[in-house]
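Trainee: 3D, please:
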Amino acid sequence: MTTYGTIPTSSSPSGTPVNLEYISRAKERIKTGLSTRRPWREMFDLHCLNLPKSFREAVARVKTNFAYFQTNYAIVVLGIVFLSLLWHPISLIVFIVMMAVWLFLYFLRDEPLVIFGRLISDRVVLIVLAVLTIFVLLLTRATTNILVSLLVGVVVVLIHSAVRKTDDLFADEEASGGLLRSSGGPSSS
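Mentor: As a prediction, this is how the structure comes out:
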């Protein structure tokens, strides 16, 4: 039986090797994940920065900006942690290895995780990876450095999200696929 003219939907011995197909799917999932990142110019537009008039307005801005710029904020915090680990090479290597583990076991999986014939839920994978990451990083004796860099990252995100006006973000609500709701939180999809 010939398969001339057919388009394979999965890898086979005569098709694309499994590793290349996995890399292709991983690349596509990374592109999809990063597609929610907002342009840096929009995030750091100096004309959109001013102090909130009240605490309530600051909280509303933080909620709205966090929902809108969440991927950017994650990149900022991870970048700050990465930079803080430059002076701790072992911790940096562990951090990079754990990021790779997160990518393969949590972010880039197309199918449910099955270990010893048992289906492992995403929540369990998330909890185990979070605890494992913290435990392994604490073993590298850079605890203070990691905690301070996380605190600095959170403070930077909170300051930016409080002083960044949100007036121009609502115009993009429909284009963002309903990312922002009237409550200011991310949609549950």
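
Trainee: what about the longest helix in the protein?
Mentor: In the chain, assigned by DSSP state H, the helix with the most residues is helix 143-163.

Trainee: and it, which residues are buried?
Mentor: N145, I146, S149, G153, V157, H160, S161, A162, V163 (16 or more other Cβ atoms under 10 Å). Yep, even glycine has a C-beta here, placed from its N, CA and C like the rest.

Trainee: Would you mind listing the residues in contact with the fifth one?
Mentor: This points to V157. V157 makes contacts with F66, Y73, V76, V77, as judged by Cβ atoms under 8 Å, 6 or more residues apart in numbering.

Trainee: would you turn the residues you listed into a markdown table with secondary structure and distance to I134?
Mentor: What follows is the contacts of V157, written out as a markdown table (DSSP: H, G, I helix; E, B strand; the rest coil; distance: Cβ to Cβ, whole Å):
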| residue | secondary structure | distance to I134 |
| --- | --- | --- |
| F66 | helix | 22 |
| Y73 | helix | 20 |
| V76 | helix | 20 |
| V77 | helix | 15 |
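
Trainee: Would you mind listing the residues in contact with S149?
Mentor: By Cβ under 8 Å, 6+ apart, the contact set of S149 is I80, V81, L83, S84, L85.

Trainee: Can you lay out these as JSON lines showing pLDDT and secondary structure?
Mentor: Conversion of the contacts of S149 to JSON lines gives the following (pLDDT from 0 to 100; DSSP: H, G, I helix; E, B strand; the rest coil):
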{"residue": "I80", "pLDDT": "90", "secondary structure": "helix"}
{"residue": "V81", "pLDDT": "85", "secondary structure": "helix"}
{"residue": "L83", "pLDDT": "89", "secondary structure": "helix"}
{"residue": "S84", "pLDDT": "88", "secondary structure": "helix"}
{"residue": "L85", "pLDDT": "85", "secondary structure": "helix"}
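
Trainee: Of the residues you listed, grab the buried ones for PyMOL.
Mentor: Burial among those is assessed by 16+ other Cβ under 10 Å; the matching PyMOL selection reads:
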select buried, resi 80+81+84+85
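
Trainee: Alright, I will stop here.
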